[in-house]
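Enquirer: The following comprises the amino acid sequence and a computationally predicted model.
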Amino acid sequence: MAPLTLSPASPPLLPLHAFASLSPMSAILPLRRGLSYFAVAAASVRQDCATWTPAPLSRVLPASADSSLFHISIDVSDSPDLAFAHTAAGQYLQLRLPSAADAKPTFLAIASPPSLAASRGEFEFLVKKVAGSTAELLCYLKSGDLIELSAVMGRGFAIDRISSPESAPHSVLIFATGSGISPIRSLIESDFRSNKWKDVRLYYGARNLQRMAYQDRFKSWEFSGVKIIPVLSRPDDSWKGEKGYVQAIFSRAKQIFDASSTAAVLCGHKAMTEEVTSVLVADGVPQDKILKNF
């Protein structure tokens, strides 16, 4: 890997929407999610005008037991401006394959912390293998294959809202489902825990253990002070933990010690983020302390 020399980067593009992982069907997803025609048109223009940077893959490995998720690492050490643009957990970009020019790019959140790009010139992603998508094609590539990346987009999670000494919360509740855990990993493995909040909980939902990524990182996350609550919607009979959906499990347990001193970070399925947000707001958690990456 070539030495990385950092230089100031242009400000990242502001997002119209972002998802932890979108398939090539992303062109019609905004319509299903109720966004305006203007937002869809603007997103299309942005994609057409994107600046694409070629970079080689350095690793492609299964990230789940059923191979529905993959770890993908990309060497951006020859593009320091791109690497340096990753400044906050929750940022994302588009990826496309030069060999599949007709396939629509996929949006992916950067799973690695900004420090990895700064120190090693590398981006890591968690990719959901969706049939017929650019994301699926990525999972079949090998080390050394070239892909193309857009500029880094979004401002990421606005952690500054909850990290100042005068407004630091007692509790930070984190919610993730499926591949939405990707930017949450970036957050946990950044300087997120430097604030030493007393109560940090991660409610992480997946269909079953075979589809739950990053299990090998749970011990280190818990060592850093994050209590992990796995929630499986379709577990096998041996599962003794929480069953169902993240929003239902949280609604039953809650355990909010002081709503005015509670913050939340959410990433995942729309139904989960909307329902959890409603519960938090109803219980008195300030809206500006409920963070999303778009």
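Expert: Thanks, I have the structure now.

Enquirer: Break down the protein into its strands, ranges please.
Expert: 53-62, 69-75, 92-96, 106-109, 122-128, 146-149, 171-177, 199-206, 226-232, 242-243, 262-267, 290-291 (DSSP state E).

Enquirer: So M272 is in contact with S278, correct?
Expert: No. M272 is beyond contact range of S278, at 11.0 Å (criterion: C-beta atoms under 8 Å). Any C-beta I mention is one placed from the backbone N, CA and C, and that applies to glycine too.

Enquirer: Comparing these two, which residue is more hemmed in?
Expert: The neighbour comparison of M272 against S278 (other C-beta atoms under 10 Å) goes to M272, with 23 against 12.

Enquirer: so what's that one scoring on pLDDT?
Expert: What the model reports as pLDDT for M272 is 95.

Enquirer: which stretches of the chain form helices?
Expert: 29-32, 37-49, 80-84, 114-120, 134-139, 160-163, 181-188, 218-223, 246-253, 270-282 (DSSP state H).

Enquirer: Serialize the ones you listed to JSON lines and add fields for distance to R201.
Expert: Shown next, in JSON lines, are those (distance: least, C-beta to C-beta, whole Å):
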{"stretch": "helix 29-32", "distance to R201": "29"}
{"stretch": "helix 37-49", "distance to R201": "33"}
{"stretch": "helix 80-84", "distance to R201": "32"}
{"stretch": "helix 114-120", "distance to R201": "23"}
{"stretch": "helix 134-139", "distance to R201": "29"}
{"stretch": "helix 160-163", "distance to R201": "14"}
{"stretch": "helix 181-188", "distance to R201": "12"}
{"stretch": "helix 218-223", "distance to R201": "11"}
{"stretch": "helix 246-253", "distance to R201": "9"}
{"stretch": "helix 270-282", "distance to R201": "12"}
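
Enquirer: just the ones you listed: most buried one?
Expert: helix 181-188 (a mean of 27; mean count of other C-beta atoms under 10 Å).

Enquirer: With distance to I256, mean neighbour count and mean pLDDT as extra columns, can I get the strands of the chain in a markdown table?
Expert: Below are these laid out as a markdown table (distance: least, C-beta to C-beta, whole Å; neighbours: other C-beta atoms under 10 Å; pLDDT from 0 to 100):
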| stretch | distance to I256 | mean neighbour count | mean pLDDT |
| --- | --- | --- | --- |
| strand 53-62 | 37 | 16 | 97 |
| strand 69-75 | 31 | 23 | 98 |
| strand 92-96 | 30 | 24 | 97 |
| strand 106-109 | 27 | 28 | 96 |
| strand 122-128 | 29 | 24 | 97 |
| strand 146-149 | 40 | 18 | 97 |
| strand 171-177 | 7 | 25 | 95 |
| strand 199-206 | 10 | 23 | 95 |
| strand 226-232 | 14 | 19 | 96 |
| strand 242-243 | 17 | 17 | 96 |
| strand 262-267 | 5 | 26 | 95 |
| strand 290-291 | 13 | 20 | 96 |
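
Enquirer: residue nearest the centroid of this structure?
Expert: Centroid-nearest residue in the chain, with C-alpha atoms, centre = their mean: P183, separated by 2.5 Å.

Enquirer: measure A271 to A264 for me?
Expert: The gap separating A271 from A264 is 16 Å, by C-beta to C-beta, to the nearest Å.

Enquirer: thinking again about what came up before, how about the helices of the chain, which one is nearest R207?
Expert: Proximity to R207, assessed across the helices of the chain by C-beta to C-beta, is greatest for helix 246-253 (12.1 Å).

Enquirer: who's in contact with the closest one?
Expert: With C-beta atoms under 8 Å, 6 or more residues apart in numbering as the test, helix 246-253 has contacts from 173, 175-177, 203-205, 229, 231, 242, 268, 271-272, 275-276, 279.

Enquirer: looking only at pLDDT, what's the mean for it?
Expert: Mean predicted lDDT for helix 246-253 stands at 90.

Enquirer: Now L108: closest residue in space that isn't a chain neighbour?
Expert: The shortest distance from L108 to any residue other than its chain neighbours is 4.8 Å, reached at F125 (C-beta to C-beta, 6 or more residues apart in numbering).
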